[in-house]
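Undergrad: let me see the structure of the following:
(chains A and B)
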There are 2 protein chains.
Amino acid sequence: MAQVIEVTDPADPRLDDFRDLSTADRRPDRPGGRGLVIAEGVVVVQRLLASPYPVRALLGVRRRIDALAPELAALDVPAYVASADVMAETVGFHLNRGVLAAADRAPAPDPVHLIERVRTVAVLEGVGDHENLGALFRNAAALGVDAVLLGPGCSDPLYRRSVRVSMGHVLAVPFAPLEPWPDGLKWLRDSGFRVLALTPAADSVALADAVDAHERVAVLLGSEGPGLTPEAIAAADTAVRIPMARGVDSLNVATAAAVTFYALGERGSGGTARQG
Amino acid sequence: MAQVIEVTDPADPRLDDFRDLSTADRRPDRPGGRGLVIAEGVVVVQRLLASPYPVRALLGVRRRIDALAPELAALDVPAYVASADVMAETVGFHLNRGVLAAADRAPAPDPVHLIERVRTVAVLEGVGDHENLGALFRNAAALGVDAVLLGPGCSDPLYRRSVRVSMGHVLAVPFAPLEPWPDGLKWLRDSGFRVLALTPAADSVALADAVDAHERVAVLLGSEGPGLTPEAIAAADTAVRIPMARGVDSLNVATAAAVTFYALGERGSGGTARQG
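TA: Down below sits the predicted model:
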């Protein structure tokens, strides 16, 4: 059971995990020079508590810590209670959501294990924007993507802003780096995945026509501006596109991902809509 | 042909359309107490110039105005050229995109005309967030939605931030208020549209199973938190949902809209994916 501890001094060293959050995403003292995993708000904290990341501590106003009582009953970590003012001084800004949790990172899973028994994976190349990456993980979680593999140029999914934009779902979707690049894509194909590269190119195959019902699929997504590299597209089985209206060049990458994940989720689902 | 005019004084009254942009979205002197339509950046300015909104003037650094020369050749409005510093002082902040255009608003089209000869419309209720609204219009433009009807509680699609987030596509997708509410939905049904209400409710019909190939469809979308009102859902033909993974409550409204627009765009498209 978590130990609830009142704190009144914002300089209390027990709150160091939560100090100066707006600069704490990069911490030289942490593995890889990266910060702890930080969850903000009751819902995202609940998702962190349910995740594989080892929770270190919570900090919140009384009402929010009370709201988490069911989850805290099963947890042996300190839960610091402070006023909103003390929290703001520790964290470095006023925090609307009223509660934070900090966890250690965990080693990335081995991609070999990650792709066992999964049906759909997303592979990202050059998705460097933290908000796009967070939104993409939220969409992956919602639309049944089993795992995410990170090629070169991707930002850190556990960066605080990504965690927040993902609504905490980045804590539930397993991810790992895919190396080397782009040979890792060949390995995916050898492992039984059909690799689809999403591109706006007109000579690609419409998404709905590219997916067979019972295949395992890896969908390769690039960043919004430059898109996938030619090397990545060449290493895929098929270039696919979302059919778009004339004059519109592209969708936001997380949105394009959502449409693709939805279409993949529908494969072999036995729906009748396409028979019209 | 546009008249290119050098301006060196940020207080020059000819630049008033572009003054203090961060507060200019609400202007008591404009119809409805709303600001002009403002486009930022070459691509969005091009979309404004191609839109039905009557352009009043441009303001930009030399390089950006030069980039717009082909469009300006056909246009009889002043194009003010200024340094980045003069622009920043006029506008109230430093503008990365280097060019602006201002246009008058235009009267909303009559919904009766708007829905003639269109196949897919989106109807929004309570979409009050300017960024979500802009993103939704971008997705509507990309994925073949012909028009947008605005129920109560929606924000102004022509607010500067919406225009920017939509990448200017809000200027290309016709929209109008739908009144009265929710009786306007009955009018849509009487006009031959099947009205689908998007909801996360488990007792709704999966999106792919709800759409017949040759129907005209109006898809009703609510805001991310509260969703559609019971009155709006009751006025629709069918409540539909995007199938989601366990434990995930919802998608962002613009993302849910994109998935829905994609699925509607696929109806009757003759693809083969769903036959597996």
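Undergrad: could you use CA atoms for every contact and neighbour count after this?
TA: Will do.
Undergrad: ok, now how distant is the residue most central in space within chain A from chain B?
TA: Against the mean C-alpha coordinate of chain A, by Cα atoms, centre = their mean, the closest residue is A:Val170 at 3.0 Å. For A:Val170, the distance to chain B (Cα to the nearest Cα, to the nearest Å) stands at 12 Å.
Undergrad: count of residues packed around the spatially closest residue to that residue that is not a sequence neighbour?
TA: Leaving aside its sequence neighbours, A:Val170 sits nearest to A:Phe137 (Cα to Cα, 6 or more residues apart in numbering or on different chains; 5.3 Å). Residues lying near A:Phe137 (other Cα atoms under 10 Å in any protein chain shown) number 33.
Undergrad: and for A:His94?
TA: A:His94: 14 surrounding residues under other Cα under 10 Å.
Undergrad: that one contacts A:Ala88, doesn't it?
TA: Yes: under the contact definition of Cα atoms under 8 Å, A:His94 touches A:Ala88, with a separation of 4.7 Å.
Undergrad: show me how chain A divides into domains.
TA: Segmentation of chain A into domains, based on automatic domain parsing, reads A:3-103, A:111-275.
Undergrad: contacts (any at all) between chain B and the shortest one?
TA: What that stands for is domain A:3-103. No: judged by Cα under 8 Å from any Cα of the partner chain, domain A:3-103 stays clear of chain B, getting no closer than 9.9 Å.
Undergrad: end-to-end on that domain?
TA: 16 Å (Cα to Cα, to the nearest Å).
Undergrad: counting contacts, what elements does the strand or helix carrying A:Val112 pack onto?
TA: Assigned by DSSP states H and E, A:Val112 belongs to helix A:111-114. Packing partners of helix A:111-114 (3 or more Cα pairs under 8 Å, 6 or more residues apart in numbering or on different chains; DSSP states H and E): strand A:175-177.
Undergrad: can we see that at 7 Å?
TA: Contact partners of helix A:111-114 among helices and strands, from 3 or more Cα pairs under 7 Å, 6 or more residues apart in numbering or on different chains; DSSP states H and E: none.
Undergrad: now it: buried residues?
TA: A:111, A:114 (16 or more other Cα atoms under 10 Å in any protein chain shown).
Undergrad: returning to that earlier point: using JSON lines, lay out the domains of chain A together with mean pLDDT.
TA: Shown next, in JSON lines, are the domains of chain A (pLDDT from 0 to 100):
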{"stretch": "domain A:3-103", "mean pLDDT": "92"}
{"stretch": "domain A:111-275", "mean pLDDT": "91"}
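Undergrad: let me know which of those domains is the nearest to B:Ile233.
TA: domain A:111-275 (21.6 Å; Cα to Cα).
Undergrad: and that closest one, how far out from the chain's middle?
TA: Relative to its parent chain, domain A:111-275 has a centroid offset of 12 Å by Cα atoms, centre = their mean, to the nearest Å.
Undergrad: give the contact list for A:Gly153.
TA: Residues in contact with A:Gly153 (Cα atoms under 7 Å, 6 or more residues apart in numbering or on different chains) are A:125-128.
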